[in-house]
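> Structure for this input, please:
(one chain, ligands or ions: 2)
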Amino acid sequence: MSGKSLLLKVILLGDGGVGKSSLMNRYVTDRFDSQSFHTIGVEFLNRDLEVDGRLVTLQIWDTAGQERFKSLRTPFYRGADCCMLTFAVNDLQSFQNLGCWKKEFIYYSDVKNPERFPFVVLGNKVDVEQVGGRKVGEDEARAWCEENGCYPYFETSAKDDTNVTSAFEAAVREVLAAEDQNDHILLSNSIDLHGNRKTSRSSCC
Ligand SMILES: Nc1nc2c(ncn2[C@@H]2O[C@H](COP(=O)(O)OP(=O)(O)OP(=O)(O)O)[C@@H](O)[C@H]2O)c(=O)[nH]1
Ligand SMILES: [Mg+2]
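Ligands and ions are numbered 1, 2, ... in the order given. Down below sits the predicted model:
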């Protein structure tokens, strides 16, 4: 295990009220507030964790999902290592807006290679299933993830603490895997001192 901690910036995006702040608070402080206020702008919290033997400081940036706060949140997209696109399974519109959130992120973060950028999708509030409140099926959500870039999908509940840890750990794994891939591309395109240019390309998902 490496002794140095890697700082990773993960950003939570999605419609107002889907539970982004609740997911961050559940993960970092293990608390849930059923009366939480809408976020204004952005907030962030850190949590240290170890994934596959690597020490990581996860810096979670929680953004305001309401349209009126757009100009306050978009300046913070730059430098993100992973984007967690969040909807609520009892809110069809929030699912239908995932594509807009992805576009907004790509535009303002100015990522070099959007096709390779690590996104993770969260369908939050799965606890509502028990009271018949689900509006988006798991299959439908998985199909969207498949079509839009083979993104990992997690059905979460900040209220019941379902899959919250797994989702954040998956975000870290996605970033680490993407970095390994980039290192591999750099290595395979390097020129050795004997004049043999290596041109082998790595394959992707
Ligand atoms: N039943 C249920 N309610 C949840 C869950 N997560 C969040 N909520 C509730 O949904 C409401 C909105 O949650 P927030 O975490 O504030 O939503 P947000 O995505 O941060 O909203 P904005 O800050 O406006 O973008 C609050 O009343 C939460 O208590 C969940 O997993 N299950
Ligand atoms: Mg919030």
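
> Spell out which residues of this structure are next to ligand 1.
Within the chain, the positions near ligand 1 by Cβ under 6 Å from any ligand atom are 16-22, 33-34, 36, 38-39, 64-66, 124-125, 127-128, 157-159. For every residue, glycine as well, the C-beta is placed using N, CA and C.

> Just the buried residues of those residues.
Among the residues of the chain next to ligand 1, those buried by neighbour count (16 or more other Cβ atoms under 10 Å) are 17-22, 39, 64-65, 124-125, 127-128, 157-159.

> ok so, going back, can you tell me which of the residues of the chain next to ligand 1 end up in helices?
Using DSSP state H, the members of the residues of the chain next to ligand 1 that fall within helices are 20-22.

> is any part of stretch 74-84 close to ligand 2?
No. Stretch 74-84 is not in contact with ligand 2 by Cβ under 5 Å from the ion; minimum separation 13.0 Å.

> what's in contact with that stretch?
Here stretch 74-84 makes contact (Cβ atoms under 8 Å, 6 or more residues apart in numbering) with 8-13, 42, 61, 63, 102, 104-105, 108-110, 117-122, 167, 171-172, 174-175.

> Which member of the buried ones among the residues of the chain next to ligand 1 is positioned nearest Ser94?
Checking those against Ser94 by Cβ to Cβ gives Val18 as the nearest, at 5.0 Å.

> Run through the residues that contact that closest one.
By Cβ under 8 Å, 6+ apart, Val18 lies in contact with 65, 86-88, 91, 94, 124-125.

> partners of the closest residue to it other than its chain neighbours in the sheet?
With sequence-adjacent residues excluded and distances taken as Cβ to Cβ, 6 or more residues apart in numbering, Val18 is closest to Ala88, at 4.2 Å. Per DSSP bridges, the residues bridged to Ala88 are Asn124.

> that older thread, closest one of the contacts of Val18 to ligand 2?
Within the contacts of Val18, proximity to ligand 2 (Cβ to the ion) peaks at Gly65, which comes in at 6.7 Å.

> What strand or helix carries the residue nearest the centre of the chain?
When the chain is reduced to its mean C-alpha position, the nearest residue by Cα atoms, centre = their mean turns out to be Met84, at 2.2 Å. Element membership of Met84 [criterion: DSSP states H and E] is strand 82-88.

> After that strand, heading C-terminal, what element do we hit next?
Next in sequence after strand 82-88, counting helices and strands by DSSP H and E, comes helix 92-96.

> Could you pull out the buried residues of that next one?
Of all the residues in helix 92-96, those buried under the rule 16+ other Cβ under 10 Å are 94-95.

> quick check, that helix touching ligand 2?
No. With Cβ under 5 Å from the ion as the criterion, ligand 2 is not reached by helix 92-96; the gap is at least 12.9 Å.

> Now that helix: average pLDDT?
Helix 92-96 shows a mean pLDDT of 98.

> so, in contact with ligand 2 or not, stretch 44-55?
No. For stretch 44-55, no contact with ligand 2 is found by Cβ under 5 Å from the ion; the gap never falls below 11.9 Å.

> Give me the contacts around that stretch.
Outside stretch 44-55, the residues touching it (Cβ under 8 Å, 6+ apart) are 1-6, 24-25, 27-29, 56-62, 168-169, 172-173, 176.
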